[in-house]
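Asks: A structural model of the following input is requested.
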Amino acid sequence: MGGLLGIGLTGLFAAHTNLETTAHNLQNVNTPNYSRQKGVQTTQLPYYTGGYYVGQGTVMTTVQREFQQHLENRVLYAETRYTEFSAYDVQIEQINNMLTDKDTGLSTVFQSFFAGVQEVAANPTNIPARQSLLSEGLSLVERFHSINTRLSEISQGIENQMIEAVESINSLAQEVADLNYAIKIADTSRGEANDLRDRRDHAIRELNKLIRVNPVATEDGQIDIFIGNGQPLVQKNTSFQLTTVPGKDDLGRHDFAVVGGRGVLIDLPETMLTGGELGGLINFRREALDPTRDGVNRIALQFALQFNEQHRSGNTIDGIMGQNFFDLKPVISDGGPEPIPGFTITDDNLLNNDRFRVEYSDASTYTITRIADGKVMTPAEVGFEMDELDPSITTFPAAYIVAPLRNAAASIGMAINNPREVAAGCPVSVTAQLTNLGTGKVENIRVLDETQLANTYPYFTGFDFSFDAANNKLVIDPATTTYTFDNYDYDPTADSGGKKFTVLDAAGNEVFEFVFTGQPDNQATFTFAPTEEGVADNRNMVLLGTLQTNKTMLLDSNGTPTANFMSAYARIVSDAGNRGREAEVGMQAQKIQYEQALAARESVSGVNIDEEAANLLRFQLAYQASSRVLSTAQRLFDEIASIGR
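Replies: All right, here's what the predicted structure looks like:
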């Protein structure tokens, strides 16, 4: 009877364990990352008697998790990519909304500004038109400021989110390490700490949402976590803490490091931090935010420099050479003695957010070093060059920190506020003698170097030139002027459509240029003279208006400009829009993959209420059956005992 009792007890214990396991599953049906558990039941070893084996019931060998690591890995990969694209998409949407909105972008204010330029060109002496142009200029300046402010806010938000993400990564990594230790202690040869493993997997999934992880199981049931190209984050019960550090070339940004032994910081390239929210933020900063800020700064810098250059080439209605229209201080940042050297852009394609140390060994010789990596570069490699130093600087080396695009949009301002200071006219005028009979004409006069002219009227000493039909040459009487031309040949037949000539001063400096057209008669004479005060002259304003459509930006490999200001801005908008669409498409694709991977995982590890309810009934019946075995054994025992009485 003892054997029958024992067999009944084993069945009772097994059914009880299965009932508890099933109840546990049902109570955790909504627990995140819970893996369904199942009792593993086998037969007891039989005993040998009378030439045959007699069974001794059943035994529970373990309660195991229904879990497959390869399905979990699919979920981890899809989820980290999904959260990466999601973080990217949220941020890029802010930029797209700002750039495309007529009330926050540049397109509308640029159009309004050049409309103001055209209005002054149509009415060069009209003071209200000039005042309107200054107002439009101020609106443009304020729009640059507002865009810079908004991009700075987005940038600061990104940096704060990165700090928070790193703190969360460290906390979760420590949790995984602690759970590793707890699991190692709890595990026995008869089973596994299933619920602790679920908690650890949940922590790994939360960690994976922040940064892509590669979990590797060890022989003793612990899990090591690696990120990037093999950087350990967790090894058994030890976690390695990440930290943010001030950027090497920009204190307003953060780089990343691992805290090593004795607190030593080991630089961690951001390329190793991929996937998850942190990876999305890093990618957004590198691929979208930085190019957008650089692009807007490049437009602000180039627009101000080019508009100022042309404005300085004109003259005001009061007979004064134009000054800078916009104020701009984007180039020389901290460091260097005063006075600072001049700065010239040679290839705006190469301008970026890098900072450079320019060190003069003498007044005209300097070395350019990129601060980020210490690489020595040539002016042709960085896209800018520096002027010679002022003779007053005698101490060498003289070092300057140059940040070409760092704060152009933030620093641009109005340099003039008086409408009479608008330089609408050209300081050089030309008249043809009344006795001229041919069709020769001087057109398109453009000042090349305003520094070679006097600042006030008269800007230069006028002179005549004539056409020598016998030799097909332009002639200047050297007895009347020191000005010369860069060449004198003019063939009325071949050049009647227009040929450009450059006027040089006595030192050979280029002063202004003009285009000579038509078929002049012999000895046709033309007189260059300074433009008088108060003349309704719009020629410089017309040239300023051409900056709206002239391609002056984004040089190609041959050094040819490929864009005007508006098309350069359109490229920024287009690039940001493309990035946004890529992020949205990627997010949707990864969401589908994540849902599919999660469904596959849940098909194995998820709790099915109907199935568990059926199991509950099955194990209840098994429990009742085992109880009946015990009852039967008890009755048999009682019957035998009664015989003895």
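Asks: only C-alpha atoms from now on, for both contacts and neighbour counts.
Replies: Will do.
Asks: what about the closest residue to residue 118 other than its chain neighbours, distance to residue 433?
Replies: Once flanking residues are discounted, residue 118 sits nearest to residue 545: 6.4 Å by CA to CA, 6 or more residues apart in numbering. Remark: distance between residue 545 and residue 433 (CA to CA, to the nearest Å) = 31 Å.
Asks: can you map out the strands along the stretch 401-550 of the chain?
Replies: For the stretch 401-550 of the chain, strands defined by DSSP state E, counting those that start in this stretch occupy the ranges 413-414, 428-432, 441-447, 463-468, 473-475, 484-485, 499-504, 510-517, 525-530.
Asks: that older thread, and the residue nearest to residue 118, what does it touch?
Replies: 114, 117-118 (CA atoms under 8 Å, 6 or more residues apart in numbering).
Asks: of the residues you listed, keep whichever come out buried.
Replies: Burial by neighbour count, judged by 16 or more other CA atoms under 10 Å, picks out 114, 117-118 from those.
Asks: nearest to residue 263, of those?
Replies: residue 114 (57.7 Å; CA to CA).
Asks: I figured the closest one hits residue 549, correct?
Replies: No: contact criterion CA atoms under 8 Å: residue 114 and residue 549 do not qualify, at 10.2 Å.
Asks: quick one: strands adjacent to the worst-scoring helix or strand of the chain on mean pLDDT?
Replies: When each helix and strand of the chain is scored by mean pLDDT, DSSP states H and E, strand 343-345 comes last, with a mean of 80. For strand 343-345, the paired strands and their directions (DSSP bridges) read strand 384-386 (antiparallel).
Asks: ok, residues contacting the strand it pairs with?
Replies: 341-347, 351, 379.
Asks: if we use 7 Å, what do you get?
Replies: 341-347, 379 (CA atoms under 7 Å, 6 or more residues apart in numbering).
Asks: I'd like those residues as JSON lines, with neighbour count and distance to residue 110 appended.
Replies: As requested, the contacts of strand 384-386 are exported to JSON lines (neighbours: other CA atoms under 10 Å; distance: CA to CA, whole Å):
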{"residue": "341", "neighbour count": "15", "distance to residue 110": "31"}
{"residue": "342", "neighbour count": "13", "distance to residue 110": "28"}
{"residue": "343", "neighbour count": "15", "distance to residue 110": "26"}
{"residue": "344", "neighbour count": "13", "distance to residue 110": "24"}
{"residue": "345", "neighbour count": "18", "distance to residue 110": "22"}
{"residue": "346", "neighbour count": "17", "distance to residue 110": "24"}
{"residue": "347", "neighbour count": "22", "distance to residue 110": "23"}
{"residue": "379", "neighbour count": "15", "distance to residue 110": "31"}
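Asks: can you put those in a markdown table and add distance to residue 94?
Replies: What follows is the contacts of strand 384-386, written out as a markdown table (distance: CA to CA, whole Å):
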| residue | distance to residue 94 |
| --- | --- |
| 341 | 38 |
| 342 | 37 |
| 343 | 34 |
| 344 | 34 |
| 345 | 31 |
| 346 | 33 |
| 347 | 30 |
| 379 | 36 |
